[in-house]
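In: Need coordinates for the below:
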Amino acid sequence: MRPYRTHRTVRAAMVAGVAAALCLSCESASTGRNRLLDAAAAIQRLSSLAYEYVYEGTGSAAGSYAGRVRLLSAADEPRIYWAELRPSPSWTPAPPPGEPPPGDPPTDAPVDAPAGTPAEAPALIVSGGGDYVAALDEASGRFRHGTISGGSGHLVANAPFAVLSAFTDPQPFRAELASDMELVSRETIGGVLCDVLRGRTDEFGPAQVWWHIGVEDDLPRAFRWEADDGSGALAFEIRSMLVDPAISAEQLAIRVDLDGPEGGEVIDEDARRIEPGVPAPDWTLETASGSSLRLSDLRGDVVVLSVGASWCALCRDLAAAYAALPDQTASERVRFLNLNAWESPEVDPGPIVREWGLDAPLLLHAERIASDYKLASVPALFVVDAAGDLALVRHPTLADPEAQAAELERTLRTLLDLNP
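Out: Okay, here's the model as predicted:
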């Protein structure tokens, strides 16, 4: 077991950096591709790994998390993991002292400075790697479990925020190795001197990527990704790492105290269906104006839930297609709602959604109900009938906006008993 610590002195880091700069020119034989191949081989040799990380992302990669990760290899089996994301994506921070709750009228009283996220904010803990997956949301006290083959893959949709894909991919760096990677510099990450590699990938759209690979152990310590069109960016950094620690499969199981003071709920996600004919999970979300809206309060109306984000190009095209639906489907009996999810905190989605031409109330932070609807991404579309049951389920939506709008129109005509 080899520990890597973050408390090296600044002087030592500076000396290492100067030495690295001098050495780069004499290591012409080492290329970015060679270093990635070295990293892939080092990952394959791992029997176990534990690390602490920080993640910051915007746009399509929006999120801000920190936590711990443990991984364990097994012969002829996928590498399994236990990962902590703090704070939980479903957590709603309390209003800062002196600030009224959402929906309350503002006052002229002075407001204290906003408080930072508490160090012990509730976490989301996920476990996966094989077919069985599980998630414990400390914010809601719910433990959900199921299988990938049984339709419960959404439980680990947040795992990539914490689990670096190179550690679980059977073929690490596939996309990067298909392009030209160059060795551009050396930097110190978490007290470890790293080669910095820069290249391109089209795995999630055209983007530039950077990898930081440890000089001594060839293991990745940091990763950056920036979309060419500006739709998203992320920075992932490992602050400390233990290589080949003593970890058992039992230590990667999620512990649930159902008899504790907070209680708890166990949900079999394989047995829970999100499909036409089943009751739509109830929720309460905040509107863009600061008030709250509850789905069950709309019982008696047909409700259309369009889930999207400002950075999602397909969401924009779908909104335009929905806005062009015939007037007959926009009756007083239909409530159309825009649910905004996985949005960058610095972005106000209201003006952007209005530019798309779809005149409908905007509800924020819909990622907090993602697990209830088995959502892993946007766009998504749900129609709830007047009795509160799901009538149409599309997650993800059809790739053709016109075809998706046509399906929505047919569903609404059926529910409204309109003639074609």
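In: contacts and neighbour counts: CA atoms only from here.
Out: Fine.
In: Surely residue 325 and residue 404 touch.
Out: No. In this structure, residue 325 is not within contact of residue 404 by CA atoms under 8 Å, at 11.0 Å.
In: Is residue 272 in a helix, a strand, or coil?
Out: Using DSSP: H, G, I helix; E, B strand; the rest coil, the structure places residue 272 in coil.
In: Number of residues surrounding it?
Out: As a burial measure, residue 272 scores 15 neighbours (other CA atoms under 10 Å).
In: give me phi/psi at it?
Out: Main-chain dihedrals, residue 272, degrees, to the nearest 10: phi -100, psi 120.
In: let's number from 4 now, not from 1
Out: Sure, I'll start numbering at 4, so the last one becomes residue 275.
In: residues in contact with it?
Out: By CA atoms under 8 Å, 6 or more residues apart in numbering, the contact set of residue 275 is empty.
In: ok, it to residue 287 distance?
Out: 20 Å (CA to CA, to the nearest Å).
In: Against residue 68, how distant is residue 93?
Out: Taking CA to CA, one finds residue 93 at 12 Å from residue 68.
In: Residue 288 too?
Out: From residue 288 to residue 68 the distance is 22 Å (CA to CA).
In: same deal with residue 147?
Out: 21 Å.
In: export stretch 134-154 as CSV, just CAs?
Out: Extracted in CSV, the C-alpha atoms of stretch 134-154 (Å, rounded to 0.1, in the frame of the first residue of the first chain):
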residue,chain,number,x,y,z
ASP,A,134,-25.0,-5.7,-12.8
TYR,A,135,-26.1,-5.0,-9.2
VAL,A,136,-26.3,-1.3,-8.3
ALA,A,137,-27.4,0.6,-5.2
ALA,A,138,-27.6,4.2,-4.0
LEU,A,139,-28.2,5.7,-0.5
ASP,A,140,-29.4,9.3,-0.5
GLU,A,141,-28.7,10.8,2.9
ALA,A,142,-30.8,13.8,2.0
SER,A,143,-34.0,11.8,1.6
GLY,A,144,-33.1,8.7,3.7
ARG,A,145,-33.9,6.4,0.8
PHE,A,146,-31.9,3.4,-0.1
ARG,A,147,-32.5,2.2,-3.7
HIS,A,148,-31.1,-0.9,-5.3
GLY,A,149,-31.6,-3.0,-8.4
THR,A,150,-29.8,-4.3,-11.5
ILE,A,151,-28.6,-2.7,-14.7
SER,A,152,-30.4,-5.6,-16.6
GLY,A,153,-33.6,-4.9,-14.7
GLY,A,154,-33.7,-1.2,-15.6
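In: Go through it and flag the buried ones.
Out: For stretch 134-154, burial by neighbour count (16 or more other CA atoms under 10 Å) applies to 135-151, 154.
In: Let's see which of these end up in strands.
Out: The strands, defined by DSSP state E, take in 135-140, 145-150 from these.
In: quick one: low-confidence ranges for the stretch 204-353 of the chain?
Out: The stretch 204-353 of the chain contains residues with pLDDT under 70 at 260-266, 331, 333.
In: Tell me the pLDDT of residue 95.
Out: Listed pLDDT for residue 95 reads 76.
In: And for residue 178?
Out: 88.
In: looking at this, it is in a helix?
Out: Yes. The assignment for residue 178 is a helix, going by three-state DSSP.
In: Spit out the contact partners of residue 204.
Out: 178-179, 182, 210-212.
In: Buried only: go through the residues you listed for me.
Out: Burial of those was assessed by neighbour count (16+ other CA under 10 Å); the buried members are 179, 210-212.
In: what residues are up against residue 61?
Out: Taking CA under 8 Å, 6+ apart, we find residue 61 in contact with 235-237, 346-347.
In: can I get the residues you listed in JSON lines with secondary structure?
Out: Formatted as JSON lines, the contacts of residue 61 follow (three-state DSSP):
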{"residue": "235", "secondary structure": "strand"}
{"residue": "236", "secondary structure": "strand"}
{"residue": "237", "secondary structure": "strand"}
{"residue": "346", "secondary structure": "coil"}
{"residue": "347", "secondary structure": "coil"}
